[in-house]
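Participant: can't give you the sequence, but here's the structure:
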């Protein structure tokens, strides 16, 4: 499982755990509930990736125009992605773990909870949404902690290893997996 997908799984599990633990949501099949949450997250991730790929293709096809107008590639990518999303009726909201994205996806997960016959809930909608958003914040904090720890490990080598080099990426991935295993978020046999 790719690192990004691993974190979607971790996020789905965190959301499910936070909702199921105190029986805020009662699921006939908790594993199926986890999978449904993961699917919502993964579908949104795929949609974002498709928009990014299409925006990149448009930039490549119109690179002379982008260069002529003096627009940075980052800004052009963002503007094109927003236009594509608007044309398709897809909300474009922030980075994967931003507050806006958390609120947007919390709404989708809440809709699942309210409409799925295999799920019941014991709290008001606002409380449930708040727990889901809090789960996003917890996983975002976790990602930052792991990233910082991995960078510290790389920096602690006796000789400098420069970011962006193949060696740096190899160490980053290895230490990242080690951190996930140490925190119980990845089984050793799941390692890539």
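Facilitator: Arrived safely, thanks for sending. Since this is a predicted model, take the numbers as computed values, not measurements. Numbering: from 1, shown residues only.
Participant: Which pLDDT value goes with the closest residue to residue 90 other than its chain neighbours?
Facilitator: In space, not counting the residues next to it along the chain, residue 90 is nearest to residue 47; the distance is 6.2 Å by CB to CB, 6 or more residues apart in numbering. To be clear about C-beta, it is placed using only N, CA and C from the backbone, and glycine gets the same treatment. For residue 47, the pLDDT comes out at 87.
Participant: Can you tell me the element residue 47 falls in?
Facilitator: Mapping residue 47 onto the secondary structure by DSSP states H and E places it in helix 30-61.
Participant: Residue 7 in helix, strand or coil?
Facilitator: Here residue 7 is recorded as helix under DSSP: H, G, I helix; E, B strand; the rest coil.
Participant: Hmm, residue 143 and it touching each other?
Facilitator: Yes: the pair residue 7 and residue 143 qualifies as a contact (CB atoms under 8 Å) at a distance of 6.5 Å.
Participant: Which one of those two is surrounded by more residues?
Facilitator: residue 7 (22 against 17; other CB atoms under 10 Å).
Participant: and that one, how far is that from residue 71?
Facilitator: Computed as CB to CB, to the nearest Å, the residue 7 to residue 71 distance reads 31 Å.
Participant: Toward the C-terminus from the worst-scoring helix or strand of the chain on mean pLDDT, list the very next helix or strand.
Facilitator: Least confident helix or strand, the chain: helix 63-69 with a mean of 78, by mean pLDDT, DSSP states H and E. Note on helix 63-69: by DSSP H and E, the next helix or strand toward the C-terminus is helix 73-88.
Participant: Name the residues of that following helix that come out as buried.
Facilitator: For helix 73-88, the buried set under the neighbour-count rule, 16 or more other CB atoms under 10 Å, comprises 76, 77, 80, 81, 84, 85.
Participant: low pLDDT regions in this protein?
Facilitator: Within the chain, the stretches with pLDDT under 70 are 1-4, 92-97, 189-192.
Participant: for residue 179, what are its contacts?
Facilitator: 146, 149, 150 (CB atoms under 8 Å, 6 or more residues apart in numbering).
Participant: 6 Å instead?
Facilitator: Going by CB atoms under 6 Å, 6 or more residues apart in numbering, residue 179 touches 146, 149.
Participant: so where does it fall, helix or strand?
Facilitator: Assigned by DSSP H and E, residue 179 falls within helix 166-182.
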